[in-house]
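J.: need coordinates for the following:
(4 chains)
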4 protein chains.
Amino acid sequence: MEKPHFLQLFEPQLENPILVEGLAGLGNIGMIAARHLIECTEAKPFAEVYAPYFPDYVTVNKEGICRPPRYRFYVAKTEKNHYIILTGDSQPSMEDGVAHYDICDEILNFAAKYGTTRIITLGAVASSNASNEVYISATSEALAKKHLDKGTTIYSEGKILGATGLLIGMAKKRGWKGICLLGATTGFGAERGVGLSIFKTLTSILEEDIKKETEEAQEQTQDNKDDKTTEKTLK
Amino acid sequence: MEKPHFLQLFEPQLENPILVEGLAGLGNIGMIAARHLIECTEAKPFAEVYAPYFPDYVTVNKEGICRPPRYRFYVAKTEKNHYIILTGDSQPSMEDGVAHYDICDEILNFAAKYGTTRIITLGAVASSNASNEVYISATSEALAKKHLDKGTTIYSEGKILGATGLLIGMAKKRGWKGICLLGATTGFGAERGVGLSIFKTLTSILEEDIKKETEEAQEQTQDNKDDKTTEKTLK
Amino acid sequence: MEKPHFLQLFEPQLENPILVEGLAGLGNIGMIAARHLIECTEAKPFAEVYAPYFPDYVTVNKEGICRPPRYRFYVAKTEKNHYIILTGDSQPSMEDGVAHYDICDEILNFAAKYGTTRIITLGAVASSNASNEVYISATSEALAKKHLDKGTTIYSEGKILGATGLLIGMAKKRGWKGICLLGATTGFGAERGVGLSIFKTLTSILEEDIKKETEEAQEQTQDNKDDKTTEKTLK
Amino acid sequence: MEKPHFLQLFEPQLENPILVEGLAGLGNIGMIAARHLIECTEAKPFAEVYAPYFPDYVTVNKEGICRPPRYRFYVAKTEKNHYIILTGDSQPSMEDGVAHYDICDEILNFAAKYGTTRIITLGAVASSNASNEVYISATSEALAKKHLDKGTTIYSEGKILGATGLLIGMAKKRGWKGICLLGATTGFGAERGVGLSIFKTLTSILEEDIKKETEEAQEQTQDNKDDKTTEKTLK
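T.: The predicted structure is shown next:
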């Protein structure tokens, strides 16, 4: 295996789906936000991707079952939109930039097969103090400014690292439209609060009809304030 | 040479062989167990694999003869099973994860040609104190639990590094069944005792008819307690 | 994306164009000189190249618009010559030598399509003290000596790193003719003065008719002496 | 350029040529010995190889002429043998093992086209004190022992690093016959004396008729004892 390998679980019927990315990363903010979306939309996994530049080990769960690292694609349909949600608990090494370019390109190819031309990536920027501020960058100035009324701040003159940055950057090169929502994190531990802020902004941008679930998720997060394991909160 | 290169020594006739892997690694436990199996079953080497991501040197033996690093495939037939046993004295660099994925995939392709759909990988987990405990992970919960009566303990919520992990993980993705037996090691020197424990568990799982040889091997190990060179013990 | 990807903005009509390279690098000298040339010749971007070994992030501008790292090709036509000017604000990692070879080869292939057989690369050599000295290296001794009357000094028994070196070296292997102009820099900050010296030598070598603009550029540089941002000076 | 690129200078007519390798490396011993052989046999360069994993810079000579790093193949014919002599002033990075495998394989392919089935590699082993001892390793025990009368010592239970090791190891895998001659070096500076010892052993193994030149070369080396630049001694 020299190239990413896609494993199709079932074949969904989608119309102009929006690709939403939230992978493991800085503070796991993107992943947390993506998992909130998966829960609230009752999204189902329909494909997996394995790649040779993922970590070279298998993870073993409580029952002793092993599996290699992977990304998963979930499908969700709401009244307003169809979604392909990409999440995963690992990323290529920060040093392996070529791997990042390669898998991002393959992911865009995969989403393009379903007619995707819009993308939302969810991630984080390192900051000396965490806040619930939500920063926005986009493929055009109009798109960046369009959502300022949802409480976002323009992310100005900076860099967006890893898949969160490359996916939207390479999507732009294909002529897609997209926005990127970024939370601020000090980088210590999972930032569930910031992840939830990102999710709330995301849903207010996307549609009204999953707002109710957001509020429920918020309460759940409050309850689990002392819980360090993101996984447990989100499952 | 950019890809692994297989050198066929002879073409064995096999029926549903089980692939057993024991490579050099942490405490050389997997390699020691695999070599016990090779001896007891009088397995013969039938293929070799060379790879560009093996160490870039040749090793020279006592007689001055040089050869590049390689893996070897042995064939064994017992009354109960046919085996392809994979062993070798080197591995790709721990930093080169892509190499691990690539060679594991090629090894599974190679074994698949002989009809393999079952795999047993033998390795180690790092531990603060060595013990003769044998941990088990598997491609399914049923398979992990099936062999608890052989004195194994479920390996729970951990990672399995390198070929030992990736081979079973990628075999699972192909729909194969498999188990992984792991010894605990502090990582100092060759763990001949732990390797033998793994081998004993392996044979009690596989079949009864090679038990006798196991006991002989055990005595041999006792005799060589002060001998630091694994190679000498096993040849 | 495993290979560099060229994005054509429009298709220029060119006759025996000279490829002029000035990329980001030591003191950004080559890039500064190339941008002076772009301004003075009113060159227009006609192609872009994206590569998997560029940094794996997107840059975001003041307006929040993101884009991946890229090189740009500009086209310019003067009375004397046609030019393809290559510039860009990033380079592959210094550690990834294979990437440097690969993209340089692709760039030469690209320029060759337009009939290019002459190349001028612009860069820098590290020095303990910056000076306005302009060093010259070439694909032949005659060519190196030809321009000594323009105040250049033969660059003797040294190395030329990165794209500035490899492009002319690999061009030579193809039978092209070329020169390389090098400024000396201590490596601290953008060397606008040295960049301008290189540009002036370049134009005196290439042709007389863009000399006037050079002098204007010089004045502009004087005005911006305290301005640390190269970008602002050059736009 | 992702693969090594061969540039043919002219097409020699050869019968069963012996491939002799002496590249830059530890103490430059192999390169020094190969250059002695080139001089004494009046060998002519007939091909060059460029590779993307060579250092990513060009070297500039006294006259200001630049060229990329390369290996060169020389052809020599004596009364007894035809030779392809491989030398060069750089090697892939020690960290890039895959590059070493790849270029060695390409070199063997290249030599095979001329009917080569015998190889002699020249190199060094690190030692705490330099000596004129010449160590030998071979593709078979008989071949290693055959030349003990020339004052060589069996190199026993060690490793041979880089091209010197891989070329003979991979040649063996192809069924070729070969020996490797190794000098001992502390690794400080160019070991001209050791290089000459290797060369003398080499010629006594290969043939008698170039012995005279060896003695002349020895005198030349004595004369240049204080000269630190290998290049100058050898040209």
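J.: can you give me the neighbour number for residue A:116?
T.: Neighbourhood size, residue A:116 [other CB atoms under 10 Å in any protein chain shown]: 21. For glycine as for every other residue, the C-beta is placed from the backbone atoms N, C-alpha and C.
J.: residues contacting it?
T.: A:16, A:17, A:18, A:19, A:84, A:108, A:176 (CB atoms under 8 Å, 6 or more residues apart in numbering or on different chains).
J.: chain C contacts on chain A?
T.: A:97-98, A:100-102, A:104-105, A:136-141, A:144-145, A:154-162, A:165-166, A:168-170, A:172-173, A:180 (CB under 8 Å from any CB of the partner chain).
J.: what two of the contacts of residue A:116 have the greatest distance between them?
T.: A:16 and A:108 (15.2 Å; CB to CB).
J.: which one of the two is surrounded by more residues?
T.: Taking other CB under 10 Å, residue A:16 and residue A:108 do not tie; residue A:108 has more neighbours (20 against 11).
J.: so the more buried one sits in a helix?
T.: Yes - under DSSP: H, G, I helix; E, B strand; the rest coil, residue A:108 sits within a helix.
J.: ok, back up a step: who wins on neighbours among the contacts of residue A:116?
T.: residue A:19 (26 neighbours).
J.: hmm, it is touching residue A:117, no?
T.: No - assessed by CB atoms under 8 Å, residue A:19 is found out of contact with residue A:117, at 9.2 Å.
J.: for stretch A:173-188, which residues meet the burial criterion?
T.: A:173, A:176, A:177, A:178, A:179, A:180, A:181, A:182, A:183, A:184, A:185 (16 or more other CB atoms under 10 Å in any protein chain shown).
J.: find the nearest non-adjacent residue to the second one, please.
T.: The one in question is residue A:176. residue A:117 (5.0 Å; CB to CB, 6 or more residues apart in numbering or on different chains).
J.: go on, residue A:164?
T.: Per CB to CB, 6+ apart, closest to residue A:164 is residue A:123, 3.1 Å.
J.: can you check the pLDDT for that neighbour?
T.: Reported pLDDT at residue A:123 in the predicted model: 94.
J.: for residue A:100, helix, strand, or coil?
T.: Under three-state DSSP, residue A:100 comes out as helix.
J.: next, count neighbours for it.
T.: Neighbourhood size, residue A:100 [other CB under 10 Å]: 24.
J.: which strand or helix spans residue A:181?
T.: strand A:177-185 (DSSP states H and E).
J.: can you map out the strands along chain A?
T.: A:5-8, A:18-23, A:44-50, A:57-60, A:66-67, A:71-77, A:82-88, A:118-126, A:131-138, A:152-154, A:159-161, A:177-185 (DSSP state E).
J.: possible to save these as TSV with distance to residue D:58?
T.: TSV is the format used below for the strands of chain A (distance: least, CB to CB, whole Å):
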stretch	distance to residue D:58
strand A:5-8	40
strand A:18-23	41
strand A:44-50	41
strand A:57-60	42
strand A:66-67	48
strand A:71-77	42
strand A:82-88	43
strand A:118-126	38
strand A:131-138	39
strand A:152-154	44
strand A:159-161	32
strand A:177-185	40
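J.: of all these, which lies closest to residue B:132?
T.: Nearest of these (CB to CB): strand A:57-60, 20.4 Å.
J.: give me the contact list for that closest one.
T.: A:66-69, B:137, B:155-162, B:165-166, B:168-169.
J.: partner strands of it, parallel or antiparallel?
T.: If you go by DSSP bridges, strand A:57-60 pairs up with strand A:66-67 (antiparallel), strand B:159-161 (antiparallel).
J.: to residue A:206, which of those strands lies closest?
T.: Closest among those, using CB to CB: strand A:66-67, at 31.1 Å.
J.: touching that closest one from outside, list them.
T.: In contact with strand A:66-67 (CB under 8 Å, 6+ apart) are residues A:58-61, B:137-139, B:160, B:165, B:168-169, B:172, B:180.
J.: tell me how many other residues surround residue A:114.
T.: Residue A:114: 19 neighbours (other CB under 10 Å).
J.: I figured it was touching residue A:84, is that so?
T.: Yes - counting by CB under 8 Å, residue A:114 touches residue A:84, with 6.4 Å between them.
J.: CA atoms only: put stretch A:181-192 into CSV for me.
T.: The C-alpha atoms that make up stretch A:181-192 are tabulated as CSV, following Å, rounded to 0.1, in the frame of the first residue of the first chain:
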residue,chain,number,x,y,z
LEU,A,181,-13.8,28.0,11.1
LEU,A,182,-11.0,28.1,13.6
GLY,A,183,-11.0,28.0,17.4
ALA,A,184,-8.1,29.4,19.6
THR,A,185,-6.3,27.0,21.8
THR,A,186,-3.3,26.9,24.1
GLY,A,187,-2.7,23.3,22.9
PHE,A,188,-3.1,21.7,26.3
GLY,A,189,-5.6,18.9,26.2
ALA,A,190,-8.9,18.5,24.4
GLU,A,191,-10.8,21.8,24.1
ARG,A,192,-14.3,20.7,24.3
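J.: that one - what's its average pLDDT?
T.: Stretch A:181-192 shows a mean pLDDT of 82.
J.: show me the contacts for the nearest residue to residue A:17 once chain neighbours are set aside.
T.: Leaving out its chain neighbours, the residue that sits closest to residue A:17 by CB to CB, 6+ apart is residue A:82, at 4.1 Å. By CB under 8 Å, 6+ apart, the contact set of residue A:82 is A:14, A:15, A:16, A:17, A:18, A:75, A:76.
J.: pipe these into a markdown table and attach distance to residue C:8 and pLDDT per row.
T.: Shown next, in a markdown table, are the contacts of residue A:82 (distance: CB to CB, whole Å; pLDDT from 0 to 100):
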| residue | distance to residue C:8 | pLDDT |
| --- | --- | --- |
| A:14 | 31 | 96 |
| A:15 | 32 | 95 |
| A:16 | 28 | 95 |
| A:17 | 29 | 97 |
| A:18 | 29 | 97 |
| A:75 | 35 | 98 |
| A:76 | 37 | 96 |
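J.: name the nearest of those relative to residue A:41.
T.: For those, the nearest to residue A:41 is residue A:76 (3.6 Å; CB to CB).
J.: my guess is that closest one meets residue A:41, correct?
T.: Yes - the pair residue A:76 / residue A:41 is scored as a contact, 3.6 Å apart, by CB under 8 Å.
J.: what sits in contact with each of the two?
T.: When contacts are counted by CB under 8 Å, 6+ apart, residue A:76 and residue A:41 are jointly contacted by A:83, A:85.
J.: tell me which parts of chain A are close to chain B?
T.: A:1-2, A:5, A:7, A:50-68, A:93, A:99.
J.: which of those are buried? Put it as a ChimeraX command.
T.: Here is the ChimeraX selection string for the buried members of the residues of chain A next to chain B, based on 16+ other CB under 10 Å:
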select /A:1,5,50,51,52,53,54,55,56,57,58,59,60,64,65,66,67,68,99
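J.: for chain A, give me the ranges with low pLDDT.
T.: Within chain A, the ranges that satisfy pLDDT under 70 run A:130, A:188-190, A:208-235.
J.: same thing but 80
T.: A:1-2, A:93-96, A:128-132, A:186-190, A:207-235 (pLDDT under 80).
J.: coming back round to it: which single one of the contacts of residue A:82 is nearest to chain B?
T.: Set against chain B, the nearest of those by CB to the nearest CB is residue A:75 (20.8 Å).
J.: need the contact list for that closest one.
T.: So residue A:75 contacts A:12, A:14, A:17, A:43, A:44, A:46, A:82, A:83, A:84, A:85 (CB under 8 Å, 6+ apart).
J.: for the closest residue to residue A:73 other than its chain neighbours, which residues make a bridge with it?
T.: Nearest residue to residue A:73 in three dimensions, chain neighbours excluded: residue A:47, at 4.2 Å (CB to CB, 6+ apart). Residue A:47 has these beta-bridge partners by DSSP bridges: residue A:8, residue A:73.
J.: hang on, residue A:47 packs against residue A:70?
T.: No - counting by CB under 8 Å, residue A:70 is not a contact partner of residue A:47; they are 10.0 Å apart.
J.: about what we covered before: what's around the residue nearest to residue A:176, how many residues?
T.: Residues near residue A:117, counting by other CB under 10 Å: 16.
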